[in-house]
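In: Model the structure of this input:
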Amino acid sequence: MKIITLNVNGIRAANKKGIFDWLNDQNADIVCLQEVRAQLEDIQGDEYWPKKYHCYHKQAVKKGYSGVAIFTKKEPVELTDSMGSDEFDQEGRYIECSYEDFKIASAYFPSGSSGDARQEAKYRFLDFFEKKLTEYNESKTAFMFCGDINIVHKEIDIKNWKSNQKNSGCLPEERAWLDKIFEEYSCTDAFREINENSEEYTWWSNRGNAYNNNVGWRIDYQIYNNYFSKAPLRASIYKKERFSDHAPLVIEYE
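Out: Numbering: from 1, shown residues only. So this is what the prediction gives:
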């Protein structure tokens, strides 16, 4: 089973850069997209709805903002686009497909970089998300979430560790939340399971020459709980082409 996750930073812009041709060649079983930034009426062209997939979107109420999607070859038995929070449901940050043996979500965690109000919103999102993880662990439900988490976990996940300690995405409180997810909730970072010591990133600032100098952050993940039975076999970050300010995370499972 092959799963791809990517923050497209606007699906229409990514389309112009060839994302759908690349996805067609990749032939993944499931594709999770974040920051789609389009209303459904804006993406009616056939290229936005690949025929090999069942395509599901959760758009934000605010036009041109946020939004997530899942493309799946296998039709899910259930679909939900709510994480139980009116605030974040209106921002289009979560969509989940259920199959007979597991659930998978495409999630776009808030960024707190624009100021204190958004950082507080980010913490509220983490609290809501933790409730969902608790629910699935207590019910012994196999669950994976893919997406732009907007948090680095450890020093290996960011080029400039020391200078970002007070910046959103690298705050001790945020990293402690990921520690809790991996330790107390027995979740696994699929990329790190395969590439334990690899200094690779999934996002680069548009400022300066960050991409060419590889001054990046690894903030995009595929994370699964202890009840998910498919072990990762291969994991890579695709950088030969650029469709976004993020790079696709491609992982193959048993």
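In: Sketch out the low-pLDDT regions of the protein for me.
Out: The model of the chain has no residue with pLDDT under 70.
In: residue ranges of the helices in it, please?
Out: 11-16, 19-26, 86-90, 116-138, 172-183, 190-194 (DSSP state H).
In: Among those, which comes closest to Trp204?
Out: Trp204 sits nearest to helix 11-16 of all the helices of the chain, at 15.5 Å, using C-beta to C-beta. (Each C-beta comes from the backbone N, C-alpha and C, glycine too.)
In: Nearest spatial neighbour of Lys159, chain-adjacent residues omitted?
Out: Val215 (4.5 Å; C-beta to C-beta, 6 or more residues apart in numbering).
In: Count the residues that sit near the one you found.
Out: The number of residues packed near Val215 is 16, by other C-beta atoms under 10 Å.
In: got a list of what Val68 touches?
Out: Listed by C-beta atoms under 8 Å, 6 or more residues apart in numbering, the contact set of Val68 reads 32-36, 57-58, 92-95, 106-108, 147.
In: Mark which of the residues you listed are part of strands, please.
Out: 32-34, 57-58, 94-95, 106-108, 147 (DSSP state E).
In: looking at the helices of the chain, which is buried most?
Out: helix 190-194 (a mean of 20; mean count of other C-beta atoms under 10 Å).
In: Dump the helices of the chain into TSV; add distance to Lys2 as well.
Out: Output for the helices of the chain, formatted as TSV (distance: least, C-beta to C-beta, whole Å):
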stretch	distance to Lys2
helix 11-16	19
helix 19-26	7
helix 86-90	28
helix 116-138	23
helix 172-183	23
helix 190-194	12
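In: do you know which of those lies nearest Glu200?
Out: helix 190-194 (8.1 Å).
In: and the residue nearest to Ser66 when sequence neighbours are not counted, how many residues sit next to it?
Out: In space, and not counting its chain neighbours, Ser66 is closest to Ala60: 4.2 Å by C-beta to C-beta, 6+ apart. For Ala60, the count of nearby residues is 22 (other C-beta under 10 Å).
In: Next, the contact list for Arg12, please.
Out: Per C-beta under 8 Å, 6+ apart, neighbours of Arg12: 37-38, 42-43.
In: Out of the residues you listed, flag the one nearest to Gly169.
Out: Closest to Gly169 out of these is Arg37 (19.6 Å), distances taken as C-beta to C-beta.
In: doesn't Ala69 make contact with that closest one?
Out: No: between Arg37 and Ala69 there is no contact, the gap being 10.9 Å when judged by C-beta atoms under 8 Å.
In: Residues that sit against both of these two, list them.
Out: Both Arg37 and Ala69 are contacted by Ile11, under the criterion C-beta under 8 Å, 6+ apart.
In: All set now, cheers.
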